[in-house]
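> Got a sequence here, can you build the structure:
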Amino acid sequence: MSRREPIPDWEEPTAAERLDILRSTRTVAMVGVSPNPARPSNFVATYLVSSSADYEVYFVNPTADEILGRPCVPSLADLPVVPDLVDVFRRLDDVPGVAEESVAIGAKAFWTQFGLWSPEAARIALGAGMDLVMDRCLKVEHARFAGGLHLAGFDTGVIDSRRRG
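Alright, predicted model coming up:
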C-alpha cells in the first residue's frame, strides 16, 4: 500500500466512532456499484441489501438501469432521498467529485472503500461537516460490529489449504 498523505486537523475515526456512524445510518447510497457479480462493489451491495445490514440501499451507476433487482440512478442528485452515508467505489481521481456531489445533496457521512485515500475529497467532506471514513470497507466494518464476519466468508474455520474429506 502506498504512503497516505496526512490530512490536517483530522484523525481516522476509532472503531467506536465508526460504529456510531454505522448505527446512525439508515440510508446508504453506493456510488460506482457494479452489476458484475465478480466485482467487490457487487459483493458489498449483496451484503448491504440483505437482512444482515438493515439499511435502505440505493445504487448510483450511470451505465446501469438495475443491479440486484433494484433500480440504479445516474447520480446522487437523482436519488429519491438524501442518504445518510455515501459509500464510494470509484477511481481515485473521481473521489473528490463524488465528495462534492455528496455535500451538494446534504449527505451526513462520506465513506471510501479499500484503496481510496483522497486528501482533496477529505477536505471537501470535512469542510461541510460530514463524518469521514476512508480506505475501509463498509461491509467488513458492519460485519465486524454485527459479529457476522463468519457469515460473510471471512472466517471459514479452515486453517490450512487442504480440502476437508
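> Excluding sequence neighbours, find me the nearest residue to R18.
Distances taken as CB to CB, 6 or more residues apart in numbering place E141 nearest to R18, at 5.6 Å, with adjacent residues excluded. In short, each C-beta sits where N, CA and C put it, glycine included.
> List the buried residues in the helix or strand containing that neighbour.
When secondary structure is defined using DSSP states H and E, the element that contains E141 is helix 138-146. Of all the residues in helix 138-146, those buried under the rule 16 or more other CB atoms under 10 Å are L138, K139, V140, E141, H142, A143, R144.
> cool, stretch 49-66 as well?
Applying 16+ other CB under 10 Å to stretch 49-66 flags V49, A53, Y55, V57, Y58, F59, V60, N61, A64 as buried.
> For it, output the C-alpha coordinates as CSV.
Taking C-alpha atoms only, stretch 49-66 is exported to CSV below (Å, rounded to 0.1, in the frame of the first residue of the first chain):
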residue,chain,number,x,y,z
VAL,A,49,-29.3,-5.3,0.8
SER,A,50,-29.5,-8.5,2.8
SER,A,51,-31.4,-8.6,6.1
SER,A,52,-28.0,-8.5,7.9
ALA,A,53,-27.4,-4.9,7.3
ASP,A,54,-30.8,-3.3,7.8
TYR,A,55,-30.2,-0.3,5.6
GLU,A,56,-32.2,1.3,2.8
VAL,A,57,-29.6,1.0,0.0
TYR,A,58,-29.6,3.0,-3.2
PHE,A,59,-27.4,2.3,-6.2
VAL,A,60,-25.7,5.1,-8.3
ASN,A,61,-24.3,4.0,-11.6
PRO,A,62,-24.8,6.0,-14.8
THR,A,63,-24.4,2.9,-17.0
ALA,A,64,-26.8,0.5,-15.3
ASP,A,65,-30.5,0.6,-15.0
GLU,A,66,-30.8,-2.1,-12.4
